[in-house]
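> My questions concern the predicted model and sequence given below.
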Amino acid sequence: MSDASSPVPPSPGGNGAAGDPAAGAPQPPGPLVLNLQYTKDLSFEVPGAPEIFITLREQPRIDIALDVQARPLEQPGVYEVSLQIRCDARAGERTAFIAELVYCGIFTITIEPNLLEPVLLVECPRLLFPFARNILADVTRDGGFPPVLLAPIDFVALWQSRRGGAQAPEGQAPVGLA
């Protein structure tokens with residue numbers, strides 16, 4: 001004889017209620033899925049090595065340029081979004097180092113077409129940025145310099161400056177669709 005008061009074990013994906021139609025059913029993907037992220041290009045140069053390490057007496061001045069590009073891939077709703085970051089460090093008139101990174105993500109996006117541009121140029125780069133920031137910090141530190149720690153980027157402001165035809169904030173290039 002079964003005990004009617006025995007608890008029903010919760011089912012994955014459901015709320016544990018008996019008869020939950022979503023219980024055990026696969027959940028559809030959300031409107032934005034990051035399928036893959038990768039380093040597409042990475043370059044680090046120290047043109048004045050080893051002398052720059054001997055003569056460097058101050059923190060190098062860092063200039064950052066950032067660009068965001070997005071392009072559709074062959075499969076419908078799938079896009080490659082790339083963060084392109086260039087870091088030029090100068091000590092006086094000498095170049096201390098140059099770091100260039102192109103960090104990409106492959107996204108599946110299922111939203112209304114009128115919402116696509118801000119998702120591609122704001123939300124997708126926002127997801128990629130912490131990883132790109134970490135790579136740049138690691139490569140500059142491993143190159144013998146203090147790590148370059150990028151400040152958070154306001155991707156909304158970059159996107160809006162591009163749409164309005166205004167200049168991007170200093171040190172940052174505008175974003176765009178390829």
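Now that the structure is in, tell me what you want to look at. Residues are numbered from 1 along each chain as shown.

> In a strand, residue 120, correct?
No. Counting by DSSP: H, G, I helix; E, B strand; the rest coil, residue 120 falls outside a strand, being helix.

> Now the lengthiest helix in the chain: buried residues?
Assignment by DSSP state H gives helix 124-142 as the longest helix of the chain. Neighbour-count burial for helix 124-142, with 16 or more other Cβ atoms under 10 Å as criterion, is recorded at 124, 125, 128, 129, 132, 133, 135, 136, 137, 139, 140. In short, each C-beta sits where N, CA and C put it, glycine included.

> quick one: residue 118 and residue 155, what's the gap?
Residue 118 sits 9 Å away from residue 155, going by Cβ to Cβ, to the nearest Å.

> again but with residue 83, I slipped
10 Å.

> In stretch 81-101, which residues are buried?
Buried residues in stretch 81-101 (16+ other Cβ under 10 Å): 81-89, 91, 95-97, 99-101.

> correction: stretch 32-52
Under the neighbour-count rule (16+ other Cβ under 10 Å), stretch 32-52 has 44, 46, 48, 52 buried.

> contacting residues around the third one?
It refers to residue 48. Going by Cβ atoms under 8 Å, 6 or more residues apart in numbering, residue 48 touches 94, 95, 96.

> can you redo the buried residues of helix 124-142 as CSV with distance to residue 111 and pLDDT?
Output for the buried residues of helix 124-142, formatted as CSV (distance: Cβ to Cβ, whole Å; pLDDT from 0 to 100):
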residue, distance to residue 111, pLDDT
124, 12, 97
125, 16, 98
128, 18, 98
129, 21, 98
132, 24, 98
133, 26, 98
135, 29, 98
136, 30, 98
137, 32, 97
139, 34, 98
140, 36, 96
